[in-house]
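Enquirer: Sequence below, structure please.
(3 chains)
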Amino acid sequence: MPLISLLTDFGTRDEFVGVMKAVLLGIAPRATIVDLTHHIAPHDIVQAASLLQSSIDYFPAGTVHLAVVDPGVGGARRAVALRTDRALFVAPDNGLLGFLVGRTRIREAVSLENEAFFGPSCSHTFHGRDVFAPVAGHLAGGVALSAMGPAIEPASLVRCELEKPFVTEDAIHGCVTRVDHFGNLISNIGAAHFAGRVQEDEVPVFSIGQQIISGIRSSYDSVPFGAPLAIIGSRGMVEIAVHCGRADRFFSAGSGTSLSLTFKNTQRHDHEDR
Amino acid sequence: MPLISLLTDFGTRDEFVGVMKAVLLGIAPRATIVDLTHHIAPHDIVQAASLLQSSIDYFPAGTVHLAVVDPGVGGARRAVALRTDRALFVAPDNGLLGFLVGRTRIREAVSLENEAFFGPSCSHTFHGRDVFAPVAGHLAGGVALSAMGPAIEPASLVRCELEKPFVTEDAIHGCVTRVDHFGNLISNIGAAHFAGRVQEDEVPVFSIGQQIISGIRSSYDSVPFGAPLAIIGSRGMVEIAVHCGRADRFFSAGSGTSLSLTFKNTQRHDHEDR
Amino acid sequence: MPLISLLTDFGTRDEFVGVMKAVLLGIAPRATIVDLTHHIAPHDIVQAASLLQSSIDYFPAGTVHLAVVDPGVGGARRAVALRTDRALFVAPDNGLLGFLVGRTRIREAVSLENEAFFGPSCSHTFHGRDVFAPVAGHLAGGVALSAMGPAIEPASLVRCELEKPFVTEDAIHGCVTRVDHFGNLISNIGAAHFAGRVQEDEVPVFSIGQQIISGIRSSYDSVPFGAPLAIIGSRGMVEIAVHCGRADRFFSAGSGTSLSLTFKNTQRHDHEDR
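Expert: Got it, this is the predicted structure:
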């Protein structure tokens, strides 16, 4: 029962996603397909790579991850597939899979050039249907990765820069990288960035816009209804939230808004706490 | 082939739903997952309970219903699972499952406390992934409910009040509880409320805003194109609709709009009919 | 492992689609269901038929296609099912399936009248749940089409006119029939319409609004970022696009906007090219 994850910027109004699934199931009829999302902003490779990175560890070993955000479809960009110890990946080589380089061991990578594993005809505009889904279906069905085309160097994969915070001795200067469905502000400051830096009598203090949030909470409802808080979110990143409210509206913030972290000595400055 | 239904307020733009499915299928690879909806308004427990109530009778026996609308995630609310004669249910104990009490026989209910059936690590913000999906996966895979934690009294489940109409001798005073995708106004007045009350020479008359609708129709197209009508909808409730139009716009109505029902003697008042 | 495709105008906020899947899987537990889309504009039979037509060739043989866009539910329109050499189709007889007549050989068609294959009770408003899903489930499970009701003449199926372009000796006058998720303008001018008509020293020239686009490109990125182009899209139709942009905004165009095609001699008029 192979598992295939599917991530695109195709939306769900057109037939695009359904037709890709038809192709996948025509080749691998016993596969189960899981939609990650089809609502990546059109052509937003960074957003797609970030979402893929947050998701893959939760899939069982052997999953085929098929990601198609492909502004260069029909042009010169390569189509690639690769294998790590846990999973297979199929995507255009435009930065979608670059985050894997250095993060995990890439056992094998190929350029998709063997047309025997493509669809019966190949459009200029929809390689999701004509190239990527057929290849992913054959991989899910057990065809060897090496059959799909010539080997390539993993280091040659196009990378996109997932935003990292700027760390100084006194502060961590990060930003909001995503607003989730609930209006929570997901930042690029991870728990790992400050876990070891908080002294015994210090608390982390976040600055966003003109406002200050002290401390890290362990649940949304640990502050009054409508009040803001900082919490470590499900991706392991600092998240600015509002209890039963929307932080994006509360702070007039969005993707790109600055978020800074400093550390305050609680012994001396208790009167400044809120 | 266990069946799992999934109901959340997570939307479909983030990876939340896809990751929950990855966890479910990692534990129960042969399960089939059916999305009820992921577009419950954020934190709207009443709406989710109402939709769940309208849906469960159509699922085959043995289905595991997994519902996650969880504003209190990470806080003090219990996580629960229970078993009726037909199905299993997994949800936070915040009112989502309270409608089952009294409606059906709850054979067994437990508080989810056995961390052996949780995910490998437990976030403060995403128990859908870390608690509810793992437990639902194990239940779908055949683990006994009693293994998940200590038994609780079904009567102790948190209930939310699904709106009921106010019934007097002369009238039934209800309201619109939901506007569906087509703009139909779904009310809390059920067929059962007036079936036995309509005399031979009477017709039911509905008042909404300043307008009157006489009679119950048996199809949308039994009135002219663009005209309003009352009909018994697919949930067995009175629905105010417009033939090939949107009743929400026609009546400037929405969730909460009053709808009253009286009975008119057709012998004496025929001239008032429209 | 039967495959069922599902196409509706039900949206994904209500329980409608989930309940249809529950019914399908209750009858055909081993079926795999693929959503084509549930975001057809309410009651837009032409849009649904067009999308279905673009999709069915990509599904494996034996697929059951279930399409429910049903403004006449509960009224006099027939409910039908039919069989071609490749697939089964279940839908209201309101134009959804009329495109099959003449396009493919319809082996058998029936009017759905055998209530033994309907759901346990039949509402007036939701035949998707009470008629079409049960019938499709039984067909996917192997029940013979002829068991579902009396045979009907395929030629008696209601047809809807999918827009065709107006072809003169000098030009093809078509229109935009759909705007896809990326803002691409999908037209009703097919590759077949002009493939044989372009002379050796001619290029196709498209007029939309006050603007001219010369030539057919083979990839979106064959023009500069933000520039318009014409390309043969994944449905085999001329598509007006903007490289990494939205053609609907670029041209202030939408469904119904005129698009004309003429042929220009490149020898004499090179200076007019852009």
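Enquirer: So which helix or strand of chain A has the lowest pLDDT on average?
Expert: helix A:191-194 (a mean of 78; mean pLDDT, DSSP states H and E).
Enquirer: so what's the backbone phi/psi at A:His43?
Expert: Per-residue torsions, A:His43: phi 70, psi 10 (degrees, to the nearest 10).
Enquirer: Without its sequence neighbours, what residue ends up closest to it?
Expert: The shortest distance from A:His43 to any non-neighbouring residue, by C-beta to C-beta, 6 or more residues apart in numbering or on different chains, is to A:Pro71 (4.2 Å). For the C-beta atoms, the positions are set from N, CA and C on the backbone; glycine is no exception.
Enquirer: Now do the SS call for the one you found.
Expert: When classified by DSSP: H, G, I helix; E, B strand; the rest coil, A:Pro71 comes out as coil.
Enquirer: I'd assumed A:Asn94 was in contact with it.
Expert: Yes: the criterion here is C-beta atoms under 8 Å, and A:Pro71 meets it with A:Asn94 at 7.3 Å.
Enquirer: of those two, who's got more company?
Expert: It is A:Asn94, of A:Pro71 and A:Asn94, that has more neighbours when counted by other C-beta atoms under 10 Å in any protein chain shown, with 24 against 19.
Enquirer: Please give the element, helix or strand, for A:Leu229.
Expert: Per DSSP states H and E: A:Leu229 is located in strand A:228-232.
Enquirer: And for that strand, what's in contact with it?
Expert: Strand A:228-232 has contacts (C-beta atoms under 8 Å, 6 or more residues apart in numbering or on different chains) with A:191, A:204, A:206, A:211, A:213, A:215-220, A:222-223, A:238-243, A:247, A:250-251, B:74, B:123-125.
Enquirer: of those residues, buried ones?
Expert: Listed as buried from the contacts of strand A:228-232 are A:204, A:206, A:213, A:215-217, A:219-220, A:222-223, A:238-243, A:247, A:250-251, B:74, B:123-125; burial here means 16 or more other C-beta atoms under 10 Å in any protein chain shown.
Enquirer: Narrow those residues to those in helices?
Expert: If you go by DSSP state H, the buried ones among the contacts of strand A:228-232 have A:Ala247, A:Phe250 in helices.
Enquirer: From the buried ones among the contacts of strand A:228-232, which land in strands?
Expert: If you go by DSSP state E, the buried ones among the contacts of strand A:228-232 have A:Pro204, A:Phe206, A:Ile213, A:Val238, A:Glu239, A:Ile240, A:Ala241, A:Val242 in strands.
Enquirer: now the residues you listed as CSV including pLDDT?
Expert: Output for those, formatted as CSV (pLDDT from 0 to 100):
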residue, pLDDT
A:Pro204, 91
A:Phe206, 95
A:Ile213, 96
A:Val238, 95
A:Glu239, 96
A:Ile240, 97
A:Ala241, 96
A:Val242, 96
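Enquirer: which among those gets closest to chain B?
Expert: Set against chain B, the nearest of these by C-beta to the nearest C-beta is A:Glu239 (7.0 Å).
Enquirer: buried sites along the strand holding A:Leu229?
Expert: Buried positions in strand A:228-232, judged by neighbour count with 16+ other C-beta under 10 Å: A:Pro228, A:Leu229, A:Ala230, A:Ile231, A:Ile232.
Enquirer: Please report the average pLDDT across it, rounded to a whole number.
Expert: Mean per-residue pLDDT for strand A:228-232: 95.
Enquirer: quick one, that strand and strand A:237-242 angle?
Expert: Between the axes of strand A:228-232 and strand A:237-242, defined by axes from the mean of the first three to the mean of the last three C-alpha atoms, to 10 degrees, the angle is 160 degrees.
Enquirer: how about strand A:228-232 as CSV, C-alpha atoms only?
Expert: Only the C-alpha atoms of strand A:228-232 are listed here, as CSV (Å, rounded to 0.1, in the frame of the first residue of the first chain):
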residue,chain,number,x,y,z
PRO,A,228,-1.6,37.9,22.9
LEU,A,229,1.1,35.4,23.8
ALA,A,230,4.2,33.7,22.5
ILE,A,231,4.3,29.9,22.3
ILE,A,232,6.4,27.2,20.6
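Enquirer: A:Glu161 is in contact with A:Ala49, correct?
Expert: No: with contact defined as C-beta under 8 Å, A:Ala49 does not reach A:Glu161; the gap is 9.8 Å.
Enquirer: What does the residue nearest to A:His43 show for phi and psi?
Expert: According to degrees, to the nearest 10, A:Pro71 has phi -60, psi -20.
Enquirer: Now do the same contact list for it.
Expert: A:His43, A:Ile45, A:Asn94, C:Tyr220, C:Asp221, C:Cys244.
Enquirer: Looking at the residues you listed, which is nearest A:Ala28?
Expert: Nearest to A:Ala28 among the contacts of A:Pro71: A:Asn94, at 25.0 Å, using C-beta to C-beta.
Enquirer: I'd like to check which residues are in contact with that closest one.
Expert: For A:Asn94, the contacting residues are A:Ile45, A:Val69, A:Asp70, A:Pro71, A:Gly72, A:Arg77, A:Val158, by C-beta under 8 Å, 6+ apart.
Enquirer: ok, 10 Å please
Expert: A:43, A:45, A:48-49, A:69-73, A:75, A:77-80, A:157-158, A:160 (C-beta atoms under 10 Å, 6 or more residues apart in numbering or on different chains).
Enquirer: any low-confidence regions in chain A?
Expert: Scanning chain A with the threshold set as pLDDT under 70 gives A:195, A:267-274.
Enquirer: And the strands in chain A, which stretches?
Expert: A:3-8, A:32-37, A:64-68, A:79-84, A:88-92, A:106-111, A:166-167, A:172-179, A:185-190, A:202-208, A:211-214, A:228-232, A:237-242, A:258-265.
Enquirer: closest one to B:Phe16 among those?
Expert: Taking the strands of chain A one by one with C-beta to C-beta, strand A:32-37 is closest: 9.1 Å.
Enquirer: ok now the closest one, how far from the chain's centre?
Expert: 14 Å (C-alpha atoms, centre = their mean, to the nearest Å).
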